[in-house]
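[1] the sequence and its predicted three-dimensional model are supplied below.
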Amino acid sequence: MYDTIIIGAGMSGLAAGIRLAYFDQRVCILERHYTIGGLNSFYRMRGRDYDVGLHALTNITPKGTKKGPLARLLKQLRLSRDDLNISAQLGSDIVFPGVRLRFDNDLDLLRAEIAREFPAQQENFEKLIASVVEYDDLDETHQAISARQRLAEMIPEPMLVEMLFCPLMFYGSAREHDMDWGQFSIMFRSIFMEGLGRPYAGVRLILKQLVRKFRGLGGELKLRSGVDRLAVEDGRVVGVVLENGEVLEGRRVLSSAGWPETMRMCDDGDPVTTRSAGRLSFCETIATLDVQPKDLGHDRAITFFNDSEEFTWEKSADPCDVRSGVICSPNNFAYDEPLAEGTMRITSLANFDYWQGLDEQQYQLEKLRWYDRITESAVRFVPDYRSRVLDTDMFTPTTVVRFTGHDNGAIYGTPEKQFDGRTHLENLFVCGTDQGFVGIIGSIVSGISMANQHCLRD
């Protein structure tokens, strides 16, 4: 009998497991795949290591800061910042037609850029900052407020509003067209007020530290152990039935599989607990270069781009929406020494239904076709690096499904979050993306928070 069974060895599941193991709970983490991490994982192909998911960590406050999500998770997991070897970004930007806003981990740079490009909006931008600072993370009433409506009331310059939404939506909105005011505030703080950083070794270092800590505390991690169903009796989970037929018993279950995915596991068939899956998914291209991006004139860690004055955030009607995207160079962080090879990664919205409907031969051909189209779109906003490419890869919405199991390949899960983590069963809780926190830091904080709230109080 386990104290807690955790479904999913992603960031939130691993963090929850560590937190519980510190209090001598017997914990088992179940992972259906052969490796850990979920979407934020890594793989090796043709002799090179590739990250999946991680562009940059958000919430990167200066070393020694005692407040904020990063400081809180390090304290809760008893890790040091040095364990993650985080380096700050060199700088990023948002590019729309005729306008470029630079930002880094000091909000004053973005303030200066807005003063230069939108001088009439300086005072209004300060009002926005004040409203974001005042936002209470624990007040769920803010989640029902439209961020677009709030910004329209404060900033009467449509392009500036669109430019602010672009990075926040790409990095954390499961909702199409708009964001909840609460999520907007959280993402604004995490990207513009705290900032971006990255471990030198990428996501594998974070995962390595989490797994080492969990196992060192006596936690059990079972790979290739997918859950077939949750056996339910009298409003409780009484057994976790694995795909191989093995049955595990635990006092409670914490699932990071996603809300609709977790509900389908329950064999009570309760229709009241269903909610729609998200529709937003991504394609991403990865190019390995024979040169550092800075040597080509590109020194930005992240470039968020959009090719019109209006930013569209919705399920792509085409296989990939190349009107906007995110260009990430993992090289452009303040490391002590440069990465061995240059890398450029481009992320765009994509249509899950299209990619899911292809046979294998069509799939491979379409990957080649859309790799070229995505890259062609991106090099309008950064130096053209195509002649310096050594190797490439690309993932699609079906890759997201394979690594996460999320319906529709939904990167940020369902638009309707369950902030308290509770379900209709008294001993089943959710953590991770569908609990409400997104990104690596958010996922880790979610796992910690749900473990503290639901698994350490009895």
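    Perfect, thanks for sending it. Owing to the predicted nature of the structure, the values given are computational and were not obtained by experimental measurement.
[2] distance check, the closest residue in space to Val203 that isn't next to it in sequence against Trp313.
    Excluding the flanking residues, the one nearest Val203 by Cβ to Cβ, 6 or more residues apart in numbering is Leu54, at 4.1 Å. (C-beta placed from N, C-alpha, C; glycine too.) Distance from Leu54 to Trp313, counting by Cβ to Cβ, to the nearest Å: 21 Å.
[3] I'd say Ile191 and Phe165 touch.
    No - the criterion here is Cβ atoms under 8 Å, and Ile191 misses it with Phe165 at 11.7 Å.
[4] these two - which one has more neighbours?
    It is Ile191, of Ile191 and Phe165, that has more neighbours when counted by other Cβ atoms under 10 Å, with 27 against 24.
[5] for the chain, what's the longest helix?
    Secondary structure of the chain per DSSP state H: the longest helix is helix 360-378.
[6] next structured bit after that helix?
    strand 389-395 (DSSP states H and E).
[7] helices and strands around the helix or strand following that following strand, which ones?
    Sequence-wise, the next helix or strand downstream of strand 389-395 (DSSP H and E) is helix 397-404. Counting contacts by 3 or more Cβ pairs under 8 Å, 6 or more residues apart in numbering; DSSP states H and E, helix 397-404 packs against strand 281-289, helix 352-356.
[8] could you redo the last one with a cut-off of 7 Å?
    Judged by 3 or more Cβ pairs under 7 Å, 6 or more residues apart in numbering; DSSP states H and E, helix 397-404 is in contact with helix 352-356.
[9] for the helix it packs on, what does the pLDDT average out to?
    The average pLDDT for helix 352-356 rounds to 97.
[10] show me what contacts the residue lying closest to Ser329 once chain neighbours are set aside?
    Leaving aside its chain neighbours, Ser329 sits nearest to Pro293 (4.5 Å; criterion: Cβ to Cβ, 6+ apart). By Cβ atoms under 7 Å, 6 or more residues apart in numbering, the residues touching Pro293 are 329, 331-332, 342, 344, 385.
[11] could you rerun that using 10 Å?
    Counting by Cβ atoms under 10 Å, 6 or more residues apart in numbering, Pro293 touches 299-301, 327, 329-332, 342-344, 382-383, 385, 388.
[12] can you report how many residues lie near Gly258?
    Neighbours of Gly258 using other Cβ under 10 Å come to 25.
[13] pretty sure Leu20 sits against Gly250.
    No - judged on Cβ atoms under 10 Å, Leu20 makes no contact with Gly250 at a distance of 11.2 Å.
[14] who has more neighbours, the two?
    Leu20 (27 against 21).
[15] what helix or strand is that one on?
    helix 11-21.
[16] the strands in the stretch 1-150 of the chain, which residues?
    2-7, 27-30, 41-45, 48-52, 86-88, 92-96, 99-103 (DSSP state E, counting those that start in this stretch).
[17] save those as a markdown table, and put in distance to Asn408 and mean neighbour count too.
    A markdown table is the format used below for the strands of the stretch 1-150 of the chain (distance: least, Cβ to Cβ, whole Å; neighbours: other Cβ atoms under 10 Å):
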| stretch | distance to Asn408 | mean neighbour count |
| --- | --- | --- |
| strand 2-7 | 19 | 26 |
| strand 27-30 | 23 | 25 |
| strand 41-45 | 19 | 15 |
| strand 48-52 | 18 | 18 |
| strand 86-88 | 32 | 20 |
| strand 92-96 | 27 | 24 |
| strand 99-103 | 31 | 19 |
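[18] just tell me which of the ones you listed ends up closest to Pro199.
    Closest to Pro199 of those, according to Cβ to Cβ: strand 86-88, at 5.7 Å.
[19] okay, Leu54 and Trp313: which has more neighbours?
    Neighbour comparison, Leu54 and Trp313: the larger count goes to Leu54, with 24 against 20 (by other Cβ under 10 Å).
[20] for that one, give its distance to Ser87.
    For Leu54 relative to Ser87 (Cβ to Cβ), the value is 13 Å.
[21] I'd like the strands of the stretch 1-150 of the chain as TSV, with mean pLDDT appended.
    Listed next are those as TSV, based on pLDDT from 0 to 100:
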stretch	mean pLDDT
strand 2-7	98
strand 27-30	98
strand 41-45	77
strand 48-52	79
strand 86-88	95
strand 92-96	98
strand 99-103	98
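[22] could you list every residue that touches Asp51?
    So Asp51 contacts 37, 40-43, 198-199, 201-204, 286, 328, 330, 343, 345 (Cβ under 10 Å, 6+ apart).
[23] if I look at Gln143, what pLDDT would I see?
    Gln143 is assigned a pLDDT of 61 by the prediction.
[24] and if you look at Phe381?
    97.
[25] Val203 too?
    Note on Val203: pLDDT of 88.
[26] what is the neighbour count of it?
    Counted with other Cβ under 10 Å, Val203 comes out at 24.
[27] for Glu246, same thing?
    Glu246, neighbours per other Cβ under 10 Å, totals 11.
[28] OK, contacts around the nearest residue to it once chain neighbours are set aside?
    Spatial nearest neighbour of Glu246, excluding adjacent residues (Cβ to Cβ, 6+ apart): Ser225 at 8.0 Å. Residues in contact with Ser225 (Cβ under 10 Å, 6+ apart) are 7, 9, 28-33, 240, 242-244, 246, 248.
[29] now tell me which of these the prediction trusts least.
    Among the contacts of Ser225, His33 has the lowest pLDDT, at 90.
[30] residues contacting it?
    Contacts of His33 by Cβ under 10 Å, 6+ apart are 8-9, 41, 223-226, 402-405.
[31] ok, and the most crowded of the residues you listed?
    Tallying neighbours with other Cβ under 10 Å puts Gly8 at the head of the contacts of His33, with 30 neighbours.
[32] was I right to think that one contacts Ser41?
    No - the criterion here is Cβ under 10 Å, and Gly8 misses it with Ser41 at 11.9 Å.
[33] so what sits against both of Leu54 and Ser87?
    Residues touching both Leu54 and Ser87 (Cβ under 10 Å, 6+ apart): 198-199.
[34] for the protein, which spans come out with low pLDDT?
    137-143, 270-273, 458 (pLDDT under 70).
[35] before we move on, back to that, between the helix holding Leu20 and strand 41-45, how big is the angle?
    Angle, helix 11-21 to strand 41-45, by axes from the mean of the first three to the mean of the last three Cα atoms, to 10 degrees: 120 degrees.
[36] and helix 11-21, what does it pack against?
    If contacts are counted by 3 or more Cβ pairs under 10 Å, 6 or more residues apart in numbering; DSSP states H and E, helix 11-21 sits against strand 2-7, strand 27-30, helix 69-77, helix 203-216, strand 220-222, strand 250-255, helix 439-450.
[37] got the angle for that helix vs helix 439-450?
    Going by the same axes, to 10 degrees, helix 11-21 makes 40 degrees with helix 439-450.
[38] then helix 11-21 to PDB, C-alphas only?
    The C-alpha atoms that make up helix 11-21 are tabulated as PDB, following Å, rounded to 0.1, in the frame of the first residue of the first chain:
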ATOM      1  CA  MET A  11       8.000  18.000 -13.900                       C
ATOM      2  CA  SER A  12       4.900  18.300 -11.700                       C
ATOM      3  CA  GLY A  13       4.800  14.600 -10.800                       C
ATOM      4  CA  LEU A  14       8.500  14.400 -10.000                       C
ATOM      5  CA  ALA A  15       8.300  17.500  -7.800                       C
ATOM      6  CA  ALA A  16       5.200  16.200  -6.000                       C
ATOM      7  CA  GLY A  17       7.000  12.900  -5.400                       C
ATOM      8  CA  ILE A  18      10.100  14.600  -3.900                       C
ATOM      9  CA  ARG A  19       8.000  16.800  -1.600                       C
ATOM     10  CA  LEU A  20       6.100  13.800  -0.300                       C
ATOM     11  CA  ALA A  21       9.200  11.600   0.100                       C
END
